[in-house]
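Colleague: Following is a predicted model, sequence given first.
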Amino acid sequence: MPKNSKAVKRELDDDVRESVKDLLSNEDTCDDSFKKSSLIVGGGRGDGEGKELSLNGDMDVEDEGSDAEDDAARPAWNSKLQYILAQVGYSVGLGNVWRFPYLCQKNGGGAYLVPYLILLIVIGIPLFFLELSVGQRIRRGSIGVWNYISPRLGGIGFASCVVCFFVALYYNVIIGWSLFYFSQSFQQPLPWHECPLVKNKTTMFVVPECEKSSATTYYWYREALNISDSISESGGLNWRMTICLLAAWSMVCLAMIKGIQSSGKVMYFSSLFPYVVLICFLVRALLLKGSVDGIRHMFTPKLEIMLEAKVWREAATQVFFALGLGFGGVIAFSSYNKRDNNCHFDAVLVSFINFFTSVLATLVVFAVLGFKANIMNAKCVALNTKKIVALLGNEVSHDLIPHHINFSATLSAEDYQQLTEILRGVTEKDYPRLGLDSCSIEEELNKAVQGTGLAFIAFTEAMTHFPASPFWSVMFFLMLVNLGMGSMFGTIEGIITPLVDTFKVRKEFLTVGVCLLAFFIGLLFVQRSGNYWVAMFDDYSATLPLLIVVILENVAVAWVYGTDKFFEDLKDMLGFTPFRFYYYMWKYVTPLLLILLLGSSVIQLGMTPPSYSAWLEDMASEKSLKYPPWGLAVCISLVVMAIMPVPVVFFLRYFNIIDENAGVVSTISYKKGCIIKESVRPEEDDDASLIHAKSPGSEAPSPMPGNSIYRKQSGGVPDWLECWTSNRKVGRSNPVLPLNKAVNPLFLGSH
């Protein structure tokens with residue numbers, strides 16, 4: 001434009017105003033709010049913050065308007081209660097019921113609660129608070145969150161997705177097993193109540209495999225799983241478990257297909273029902289004979305065990321997995337919160353709910369196991385009494401037996417102990433010939449069981465002795481299904497949310513696709529050898545990868561993003577500065593403890609060659625077998641595949657094979673007279689880096705309201721002048737994109 005052409009400039013200004021009027025007059029009424037606005041389209045940044053160029057070139061951030069629009073565009077929880085129930089349902093899972101009681105009994109009883117509680121405060125709550133905070137602050141899934149912190153660390157989010165997928169594959173198989181037992185519980189007596197009989201030509205006899213083990217053990221391995229003798233023998237599909245797996249994935253898909261709008265409603269039942277069942281079981285178990293023995297055994301502290309390093313390592317591992325750290329589900333759920341939500345309160349509340357749930361489940365488990373131990377001890381005493389009576393008739397005088405011992409009734413534990421001591425003294429040489437079993441309630445309780453052994457063998461056996469046993473069986477397995485579903489919702493959300501945020505695909509289609517893919521891959525776990533594959537994935541697909549992921553998450557926030565800067569973000573969100581305790585935990589203590597935990601886990605794996613527990617039909621017992629060479633390769637592959645996205649993304653972006661701007665926020669300022677497109681790097685202070693002029697053929701999307709468009713009201717400076725000044729300051733030779741009646745005002749410059 002010639003310097004002395006003021007008339008031409010006025011005409012251009014008039015054309016600009018007229019063209020914008022025409023544009024706005026053709027918009028729907030719902031687009032009135034777009035006048036004098038900036039549009040933020042797509043991108044990986046989820047904070048909704050944009051920057052506007054002022055007349056003097058400074059950046060003016062209008063957080064409040066942006067936050068409000070971002071909150072309105074992203075799906076949100078219907079209520080705070082729904083969100084808390086979702087987090088509780090995700091963190092409280094099967095491990096609280098069948099792993100925590102085992103670890104507590106194994107590692108010193110009540111004394112184990114001390115290291116667990118200490119590590120929950122030092123590791124669990126700070127890391128849980130960290131994940132809640134970054135999800136709520138950045139409002140994206142795990143991929144978008146770590147792209148925001150640093151594009152080179154974007155692989156952390158992909159690694160979380162891979163681990164979530166691996167875990168979902170086998171975790172839903174366990175839900176399928178629970179569905180099978182649930183469906184079989186509507187019978188009186190229960191089908192695992194006693195060993196089945198088979199008939200030959202002349203006689204009826206008990207199935208040898210069942211006779212050598214027990215009715216519940218036989219039902220689990222033979223009737224339910226129809227298990228093969230080793231992982232090398234696939235044995236084909238178990239059709240009943242295949243149907244149950246299909247039902248489990250269908251339930252997950254239907255609950256998740258509408259995102260948190262559908263899964264959130266399911267949480268009211270799936271999160272609360274397990275507590276109803278646990279309380280009912282506790283009340284019922286306390287009324288049974290021997291339940292107090294189990295609880296006394298549980299909480300008798302063994303202080304010498306508490307000082308062992310192994311106890312602290314196992315407590316730290318349990319804290320780590322109990323809260324679901326590193327999976328991405330915590331981040332995904334919190335990303336649907338309002339930005340001013342008090343996530344610190346949520347972190348403390350959910351962590352302690354998780355802890356007290358574990359203690360409640362432990363009380364229930366050992367009350368029931370105490371009852372079972374008394375039943376098994378009574379059977380042992382009765383069997384041995386028969387052998388003793390036979391001995392009394394032949395070799396031992398009845399005069400030696402105290403008169404208060406009545407053989408016509410069941411002997412008490414005290415009478416039985418006194419009788420065996422008398423017999424041992426009288427016939428010391430011949431006593432071993434009797435073949436008496438060791439009958440002790442303490443020994444029965446010391447037979448620690450966990451996992452499927454607790455749920456599908458020990459607990460089912462105890463319930464066969466309950467009055468109205470089918471009712472309690474239905475309640476128990478329905479509780480397991482609900483516990484599993486709550487965890488599955490968070491696990492699938494950890495896959496779906498980051499992928500939807502990153503690739504902008506329809507959530508419904510992606511959810512159905514993920515569930516279908518997982519079902520077909522999951523057929524591996526419903527073969528006759530499927531139980532061995534479940535054990536393999538449980539041992540190797542998550543432990544080491546998740547530890548590495550959480551270490552990198554901690555380092556990314558505390559050292560890459562900066563603890564001081566993160567504290568400022570928290571102050572803006574919460575309205576107060578968090579305790580200084582978290583500063584030192586995030587920056588120094590938790591990274592060090594996590595590295596020590598990772599090192600000890602690697603050492604443990606190195607000292608114990610990979611093996612699995614196989615069920616041998618001929619022996620009717622379990623035996624530890626080493627994995628075949630191809631099995632070892634699969635174990636290693638699971639670990640490598642889960643963690644591989646971290647170095648791959650880092651090197652691709654470090655060597656500029658993938659542009660570091662890929663996946664970050666793309667900001668478009670929509671103003672009268674010009675269109676400004678900014679590529680904003682998360683690691684920069686949100687300064688606009690580029691202002692592109694019109695490029696023929698590059699057309700912007702229409703500024704209609706949508707999930708990826710966030711509006712921000714402009715300031716008071718005339719937009720055409722602000723745009724012109726801004727372009728002059730960055731030195732553009734052709735700074736202003738003129739608009740007139742013949743020009744589409746939404747052309748964008750090409751990259």
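Modeller: Received it, and whenever you're ready, just let me know what you need.

Colleague: How is this protein partitioned into domains?
Modeller: Following automatic domain parsing, one gets these domains for the chain: 6-71+659-729, 74-374+450-643.

Colleague: For the spatially most central residue of the chain, give me its contacts.
Modeller: The structure's the chain has its C-alpha centroid closest to Gly324; by CA atoms, centre = their mean the separation is 4.1 Å. Residues touching Gly324, when contacts are defined by CB atoms under 8 Å, 6 or more residues apart in numbering, comprise 90-91, 93, 330, 487, 490. (Glycine included, C-beta is placed from N, CA and C.)

Colleague: and it, helix, strand or coil?
Modeller: What DSSP: H, G, I helix; E, B strand; the rest coil gives for Gly324 is coil.

Colleague: Provide the backbone phi and psi angles at it.
Modeller: For Gly324, the backbone dihedrals are phi 70, psi 30 (criterion: degrees, to the nearest 10).

Colleague: From Gly522, how far out is it?
Modeller: When distance is defined by CB to CB, to the nearest Å, Gly324 is 21 Å away from Gly522.

Colleague: again, but for Val449
Modeller: Taking CB to CB as the measure, Val449 and Gly522 are separated by 26 Å.

Colleague: quick one: Val350 is in a helix?
Modeller: Yes. Remark: Val350 belongs to a helix, assigned using three-state DSSP.

Colleague: In contact with the nearest residue to it once chain neighbours are set aside, which residues?
Modeller: Counting by CB to CB, 6 or more residues apart in numbering, Gln87 is the residue found nearest to Val350 once chain neighbours are left out, at 4.8 Å. Taking CB under 8 Å, 6+ apart as the criterion, Gln87 is in contact with 330, 333-334, 346, 350, 490.

Colleague: looking at those, which has the most residues close by?
Modeller: In terms of neighbour count, Phe333 stands highest of the contacts of Gln87 at 31 neighbours, by other CB atoms under 10 Å.

Colleague: Using the three-state scheme, assign it.
Modeller: Local secondary structure at Phe333 is given as helix here, using three-state DSSP.

Colleague: ok, back up a step: tell me the most buried of the domains of the chain?
Modeller: Each of the domains of the chain was scored by mean neighbour count; the highest is domain 74-374+450-643, a mean of 20, by mean count of other CB atoms under 10 Å.

Colleague: and the closest residue to Val348 other than its chain neighbours, what does it touch?
Modeller: Counting by CB to CB, 6+ apart, the nearest residue to Val348 once its immediate chain neighbours are dropped is Ile125, at 6.1 Å. With CB under 8 Å, 6+ apart as the criterion, the residues that contact Ile125 are 347-348, 351.

Colleague: any idea how far Phe355 is from the spatially closest residue to Arg528 that is not a sequence neighbour?
Modeller: With sequence-adjacent residues excluded and distances taken as CB to CB, 6+ apart, Arg528 is closest to Gly235, at 2.8 Å. For Gly235, the distance to Phe355 equals 41 Å [CB to CB].

Colleague: can you check Ser529 too?
Modeller: When CB to CB is applied, the distance between Ser529 and Phe355 equals 37 Å.

Colleague: Ile492 now?
Modeller: Computed as CB to CB, the Ile492 to Phe355 distance reads 25 Å.

Colleague: Could you do Tyr90 as well?
Modeller: Distance, Tyr90 to Phe355, using CB to CB: 15 Å.

Colleague: what does Phe180 give?
Modeller: Taken as CB to CB, the spacing of Phe180 relative to Phe355 amounts to 31 Å.

Colleague: re the thing from before, now the residue nearest to the centre of the chain. Nearest residue, chain neighbours left out?
Modeller: Nearest residue to Gly324 in three dimensions, chain neighbours excluded: Ser91, at 5.1 Å (CB to CB, 6+ apart).

Colleague: Glu508 now?
Modeller: With sequence-adjacent residues excluded and distances taken as CB to CB, 6+ apart, Glu508 is closest to Ile257, at 5.4 Å.

Colleague: What average pLDDT does stretch 550-563 get?
Modeller: Stretch 550-563 carries an average pLDDT of 94.
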